[in-house]
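Chemist: kindly return the folded structure for what I paste below:
(chains A and B)
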Amino acid sequence: MNTMVETMNRVTDALSAVELAQERAFCQTVGDFTVPNPRMTCRDVEVWYGPKQAIRRVNLDIGRNEVLSMIGPSGCGKSTFLRCLNRMNDTIPGCRVTGSIKLDGQDIYDKKLDPVLLRARVGMVFQKPNPFPKSIYENVAYGPRIHGLTNSKAELDELVETSLRKAGLWDEVKDRLDQPGTGLSGGQQQRLCIARTIAVAPDVILMDEPCSALDPIATAIIEELIDELRANYSIVIVTHSMQQAARVSQRTAYFHLGDLIEVGETNQIFTNPQHKLTEDYITGRFG
Amino acid sequence: MRLPMPALGIGLLALILTMAMSSWLLFLSVLLIMALAYQLGRRRAIAQVGGPTKIKRLHSLPAYHGLYAALWAGIPALFVMGLWIGFQDQVIIAQVIDALSPTQIEGLSPGQFNLLISDIRNLATGNIVSAQVTSELQAAADHYNRLRALSRIAMWVVVLALALGATLMVWLQIHPSLRARNRVESITLAIMIVFSSIAILTTLGIVLSVVFESIRFFKLISPLEFFFGLTWSPQIALRADQVGASGAFGAVPLFVGTLVISVIAMLVAVPIGLLSAIYLSEYASRRVRAVAKPLLEVLAGIPTVVYGFFAALTVAPFIRSLGAWLGLDVASESALAAGLVMGIMIIPFVSSLSDDVINAVPQAMRDGSYALGATQSETIRRVIIPAALPGIIGGILLAVSRAIGETMIVVMAAGLSANLSINPLESLTTVTVQIVTLLTGDQEFDSPKTLAAFALGLTLFVVTLALNVVALSIVRKYREQYE
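Modeler: Have a look, this model is predicted:
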């Protein structure tokens, strides 16, 4: 008798899994994914790691001077999608991206486009602070040097200073620019990485869980910084903290198992989610 | 056909007696006793708690009781046996000498005395004897043989008594509360400590012997001359009036020669090794890497003697004819040939170690650089190599110490004449080559000529040790940085 019940349960489980998969197969993004005068436009983006599909038909615009946060459970593809935006996935063997991603109307996956130049325009800050094992000054000067952005030492000095100022780190490090960047605290290292990114004057800054390795105070400083940076850059931030998404972003996109489930104004996503999955995630039913 | 019983018995007894002479049989007997002790210990432990179903009441499992008994049965007995075999000859010889009449020993030089002893020994074992076999010598040899037989029997008795006695002792000790498991662990630990000290003590012994011989050398030749003298010609005459009876022990030409050849080797090995490491770790596809890396490491598996004749028979003549074509005068045993081939031998050291440290640079560094719009080569040049530099330098230093100590290639391909020159086209010699020449053939072991080899060896040892210590500390420091 018991085995009968078990079998029944298993069958119903399997059926609901199939239903879920079918539902997801036809999953349309809820909410308006477009913005007026977008910086970047992504249409029908799909990502494959070998035979495994990581992202399915994602449409999403990234506006100017806005912070777009991407949330979702682990493995939902939000980091993968983020890395498509500056072609960092190119460095992963077996990774394939289809669909179109445009930056100011230009397809970034165009064969004629040099990914190296793209990455100078779409900068990236990583989950774990990764300053180079060089001095603080050299960390910031690295990008300008390889792109030949400055003509003299004085110009470079100035660029390093303004970048560190914008990253809110100048006052803390101005007397020890020749010390190794790896000697800073975690939060300072992350701001150094932001300064390093700003120094090459990108249009878009991608941030992959930039505060996940930091304590609450360092996190608060970075969040404040993100809000200031919005004046000059488009920012896309992946985060596991819904509070952080609510605090720093204007728009929020919710990813689930490779699908972009819902996108909209941050306020609206967190107070009045339209999709069941979004609501479940926001209210902490899973994740 | 039936053999008569007494004859069989006597034959068997004779067989046992001849076999009893062998130390191997004693060793096997001890092993047998160990096996027996194991079984006894195990069974007694089980019996004491009243059967295999109740072994829960034992502190340690029966097998530990067995092991404990076996270890006690074996270790003291085997230790004593080892000591006995090691020292019995000296003791016996001392006894034989005591028994010799004083007239026989009187007025003998140490050399003649040693000869006498080896004669007695050879006569006893039936080997060829150098002197006339006198009755006295024969008597001494017989005495020697008698003592040996006695010693063997005594060894058998003592060793077997020890093994059996220890077994009995443990057998009496076995009790359910005996912490046999912990004791076996302690004994195992002690055995491991003993074995590792053997390795350490051997190293220490080698170093000390080299140091003492070097001190003897430096008593004869001043260190000032050795380290700063510019002429190396270690000819010590056997007779005082011999032609060319001069000895000059200025090792500077050897140091210079070693340096030149090592520099040539590093000039070959560092660029090739480093660039191939960068290619393999950063650019090569997985398939290329899977094939190329082992192939490169095959270079390290080629015996150095093969490199030696490759250098002497292929590379050296080639360089000579190339030099002739260019109008240069190249010695047939040029430092260049030896250095080039040595460099090829060292490539895998540099490439393999560099490859490891380059791979140890975290992917985050590469990502950070790419994300700023750096190309792959910019990333390698400006981020990865600087980050890996300490490790790379460590690898290069290890390779240098290998180059300095390398012997076979230079023995075959470099020259013997100690020219003080830095011209790689000339024939130069190295420290290792001179050590080989000084110690080859019949040598007096107390002449400066032979002792010079120890002084050279000590210098070499100190230099390579220093290089290794520096290299390893650099590598270790670097490793800590990223973990």
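Chemist: what pLDDT is listed against the closest residue to chain B within chain A?
Modeler: The nearest approach of chain A to chain B comes at A:Ala120, 3.2 Å away (C-beta to the nearest C-beta). All C-beta atoms are positioned from the backbone trio N, CA, C, and that covers glycine. On the pLDDT scale, A:Ala120 is placed at 91.
Chemist: how far away is the closest residue to it other than its chain neighbours from A:Val200?
Modeler: Excluding its sequence neighbours, the residue lying closest to A:Ala120 (C-beta to C-beta, 6 or more residues apart in numbering or on different chains) is B:Gly373, at 3.2 Å. Going from B:Gly373 to A:Val200 by C-beta to C-beta, to the nearest Å gives 6 Å.
Chemist: shared neighbours of these two, which are they?
Modeler: Taking C-beta atoms under 8 Å, 6 or more residues apart in numbering or on different chains as the contact rule, B:Gly373 and A:Val200 both touch A:Ala120, A:Gly143, A:His147.
Chemist: just put these in a markdown table and tack on distance to B:Asp446 and neighbour count.
Modeler: Converted to a markdown table, those look like this (distance: C-beta to C-beta, whole Å; neighbours: other C-beta atoms under 10 Å in any protein chain shown):
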| residue | distance to B:Asp446 | neighbour count |
| --- | --- | --- |
| A:Ala120 | 75 | 22 |
| A:Gly143 | 70 | 27 |
| A:His147 | 72 | 18 |
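Chemist: low-confidence ranges in the stretch 151-287 of chain A?
Modeler: A:286-287 (pLDDT under 70).
Chemist: so which elements touch the helix or strand hosting B:Ser151?
Modeler: In the assignment (DSSP states H and E), B:Ser151 maps to helix B:135-173. If you count contacts as 3 or more C-beta pairs under 8 Å, 6 or more residues apart in numbering or on different chains; DSSP states H and E, helix B:135-173 packs onto helix B:23-49, helix B:62-99, helix B:110-125.
Chemist: what about stretch B:27-38, average pLDDT?
Modeler: Mean predicted confidence for stretch B:27-38 is 93.
Chemist: re the thing from before, what angle do the helix holding B:Ser151 and helix B:110-125 make?
Modeler: If you take axes from the mean of the first three to the mean of the last three C-alpha atoms, to 10 degrees, helix B:135-173 sits at 70 degrees to helix B:110-125.
Chemist: reformat the helices and strands packed on helix B:135-173 as CSV; add distance to chain A and mean neighbour count.
Modeler: Listed next are the helices and strands packed on helix B:135-173 as CSV, based on distance: least, C-beta to the nearest C-beta, whole Å; neighbours: other C-beta atoms under 10 Å in any protein chain shown:
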stretch, distance to chain A, mean neighbour count
helix B:23-49, 43, 18
helix B:62-99, 43, 18
helix B:110-125, 65, 15
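Chemist: before we move on, which element is A:Leu260 in?
Modeler: Following DSSP H and E, one finds A:Leu260 within strand A:259-265.
Chemist: can you name every helix or strand that that strand contacts?
Modeler: strand A:52-62, strand A:251-256, helix A:276-282.
Chemist: how about the helices in the stretch 201-350 of chain B?
Modeler: Remark: helices assigned in the stretch 201-350 of chain B by DSSP state H, counting those that start in this stretch are B:223-228, B:252-278, B:286-301, B:304-310, B:316-326, B:335-360.
Chemist: to A:Gly258, which of the ones you listed lies closest?
Modeler: Closest approach to A:Gly258 among the helices of the stretch 201-350 of chain B (C-beta to C-beta): helix B:286-301, 26.5 Å.
Chemist: and the contacts of the closest one?
Modeler: A:Pro93, B:Ser276, B:Leu280, B:Ala284, B:Ile344, B:Met345, B:Ile347, B:Pro348, B:Phe349, B:Ser351, B:Ser352, B:Asp355.
Chemist: which bits of the stretch 351-483 of chain B sit near chain A?
Modeler: B:362, B:364-375, B:378, B:382-383, B:386-387, B:481 (C-beta under 8 Å from any C-beta of the partner chain).
Chemist: drop anything exposed from those.
Modeler: Burial by neighbour count, judged by 16 or more other C-beta atoms under 10 Å in any protein chain shown, picks out B:364-374, B:378, B:382-383, B:386-387 from these.
Chemist: quick one, what contacts A:Ala141?
Modeler: A:Leu156, A:Leu159, A:Val160, A:Ala199 are the contacts of A:Ala141 under C-beta under 8 Å, 6+ apart.
Chemist: report the secondary structure element holding it.
Modeler: Going by DSSP H and E, A:Ala141 is part of helix A:136-147.
Chemist: near chain B, which residues of the stretch 151-287 of chain A?
Modeler: By C-beta under 8 Å from any C-beta, the part of the stretch 151-287 of chain A that sits against chain B consists of A:Thr182, A:Cys193, A:Arg196, A:Thr197, A:Val200.
Chemist: ok, and the most crowded of these?
Modeler: Highest neighbour count within these, by other C-beta atoms under 10 Å in any protein chain shown: A:Arg196, with 31 neighbours.
Chemist: of all the helices of the stretch 201-350 of chain B, which lies closest to B:Leu456?
Modeler: helix B:252-278 (7.0 Å).
Chemist: check which helices and strands that closest one sits against.
Modeler: Packed against helix B:252-278 by the contact rule (3+ C-beta pairs under 8 Å, 6+ apart) you find strand B:232-234, helix B:335-360, helix B:385-405, helix B:431-439.
Chemist: redo that, cut-off 6 Å
Modeler: Where contact means 3 or more C-beta pairs under 6 Å, 6 or more residues apart in numbering or on different chains; DSSP states H and E, helix B:252-278 is packed against helix B:335-360, helix B:385-405, helix B:431-439.
Chemist: residue 52: neighbour count?
Modeler: Since you didn't name a chain, this refers to chain A. A:Lys52 has 9 neighbours, counted by other C-beta under 10 Å.
Chemist: correction: the question concerned chain B.
Modeler: Considering only other C-beta under 10 Å, B:Pro52 is surrounded by 9 other residues.
Chemist: nearest spatial neighbour of it, skipping sequence neighbours?
Modeler: B:Ile46 (5.5 Å).
Chemist: please apply the same query to B:Leu220.
Modeler: Nearest-residue entry for B:Leu220: B:Pro448, 4.6 Å, with adjacent residues in sequence omitted and distances by C-beta to C-beta, 6+ apart.
Chemist: for the one you found, give me phi and psi.
Modeler: phi -60, psi -30 (degrees, to the nearest 10).
Chemist: and it, how close does it get to B:Ala199?
Modeler: Computed as C-beta to C-beta, the B:Pro448 to B:Ala199 distance reads 33 Å.
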